[in-house]
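Asks: Quick one, fold the following:
(one chain, ligands or ions: 1)
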Amino acid sequence: MRVLITGAGGQLGADLAAAFSADDHHEVIGTDHATLDVADRDAVLGAITSTRPDAVVHPAAWTAVDACESDPDRAFQVNALGTRHVAEAARRVGAAVCYVSTDYVFDGTKDTPYVEWDEPAPRSVYGASKLAGERELDPGSTIVRTSWVCGFHGANMVKTILRLAAEHDTLSFVDDQRGHPSFTDDLAVAIKRLVVERRPGTFHVTNQGEVSWYEFAREVLAASDQDPDRVRPVATAELQPPRPAPRPANSVLDNAALRLSGLPLLDDFRVPLRRLVRDLLA
Ligand SMILES: NC(=O)c1ccc[n+]([C@@H]2O[C@H](COP(=O)([O-])OP(=O)(O)OC[C@H]3O[C@@H](n4cnc5c(N)ncnc54)[C@H](OP(=O)(O)O)[C@@H]3O)[C@@H](O)[C@H]2O)c1
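Replies: Numbers count the residues shown, from 1 in each chain. Here you go, the predicted model:
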């Protein structure tokens, strides 16, 4: 397969390029923000019609959740309109599209994990712009919703927690937002499988294991042989100053479509977490 990847400079994009490249059967065209701005329609049409990929994997996004609140035009230009351009270009060459979306399409008020068929109701500009991106796709496309993404490349909470632990004796993390941490190396392999098998529709793809950010920070310290009791729980309402974008209290994505299709679920998050911490501290 010839696969064009958008946002290949990002944490998931980099591991997607690696996952497809690991296999001789695939030719990878990796594009990053500098070489292909998805908000530029002419550039997207040019890049995709000139290379004629079999599939376009589209993780590129403006992911600065709080900044999106103060610049909704930019959020929709990149996340919604950019996805429209990708869909249009892919349609012209008959390429399949796999779009990466987010738990933030839900409002987080459900008492149980969200399945793919639950009604989205985003509370943030970022979540609304990513949902708008989902709605730009043709019906045969694949949508992978994931959550709490961490990887070797780029900024993420594992790196933040390790940095804070090196600078402070105690750390505070919220205990009233819950989710499934997801690691880009596992996620990339699962996305590759969906693309290669040309499976259309929406899939929730996360590592397994539900935690709050407080519990996750404890796991990160344990994985790096530090004392987890250095982490203290706080409530979101206690955060000063409050963050501009509201976060869903329940971000837990049930990987129901994978499970019901008989496809393998990703490992418990503690497995890739230990691998990532080992690599980051090496
Ligand atoms: N991070 C999470 O916790 C999380 C959770 C759920 C879903 N997701 C989704 O997963 C996907 C990958 O996220 P990630 O964590 O890998 O994010 P990331 O590290 O921020 O990667 C996104 C990449 O997109 C690029 N980009 C931004 N604007 C662009 C544009 N106009 N044209 C082309 N590229 C552009 C960024 O480049 P620059 O940095 O150079 O602008 C960045 O390299 C995203 O679609 C995101 O919405 C992420």
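
Asks: To what extent is the residue nearest to Gly179 when sequence neighbours are not counted buried, counted in neighbours?
Replies: Once flanking residues are discounted, Gly179 sits nearest to Ser251: 3.5 Å by CB to CB, 6 or more residues apart in numbering. All C-beta spots, glycine's among them, are computed from the backbone N, C-alpha and C. For Ser251, the count of nearby residues is 22 (other CB atoms under 10 Å).

Asks: repeat for Asp23
Replies: Counted with other CB under 10 Å, the neighbours of Asp23 add up to 11.

Asks: what do you get for Ala17?
Replies: 22.

Asks: Tell me what the nearest residue to it once chain neighbours are set aside is bridged to.
Replies: Leaving aside its chain neighbours, Ala17 sits nearest to Gly30 (4.4 Å; criterion: CB to CB, 6+ apart). Listed beta-bridge partners, Gly30: Ile5 (assigned using DSSP bridges).

Asks: Could you double-check that the residue nearest to Gly179 sits in contact with Asp103?
Replies: Yes: taking CB atoms under 8 Å as the definition, Ser251 is a contact partner of Asp103 at 4.2 Å.

Asks: Strands of the stretch 151-282 of the chain, residue ranges please.
Replies: 171-174, 178-179, 182-183, 201-204, 211-212, 231-234 (DSSP state E, counting those that start in this stretch).

Asks: what pLDDT does whichever residue of the stretch 1-150 of the chain sits closest to the ligand get?
Replies: Going by CB to the nearest ligand atom, the ligand is nearest to Gly10 of the stretch 1-150 of the chain, at 2.1 Å. For Gly10, the pLDDT comes out at 96.

Asks: check contacts around it.
Replies: By CB atoms under 8 Å, 6 or more residues apart in numbering, Gly10 lies in contact with Asp32, Pro59, Ala60, Thr63, His153, Gly154.

Asks: quick one on the thing from earlier: distance of the residue nearest to Gly179 from His204?
Replies: The spacing between Ser251 and His204, counted by CB to CB, to the nearest Å, is 11 Å.

Asks: Show me which residues of the strand ranked longest in the chain are buried.
Replies: Ordering each strand of the chain by length in residues (DSSP state E) puts strand 96-102 first. Neighbour-count burial for strand 96-102 flags Ala96, Val97, Cys98, Tyr99, Val100, Ser101, Thr102 (criterion: 16 or more other CB atoms under 10 Å).

Asks: And stretch 154-170, by the same measure?
Replies: Using 16+ other CB under 10 Å as the test for burial, stretch 154-170 gives Gly154, Asn156, Met157, Val158, Lys159, Ile161, Leu162, Leu164, Ala165.

Asks: Now flag whichever of those residues is closest to the ligand.
Replies: Nearest to the ligand among those is Gly154, at 3.9 Å by CB to the nearest ligand atom.
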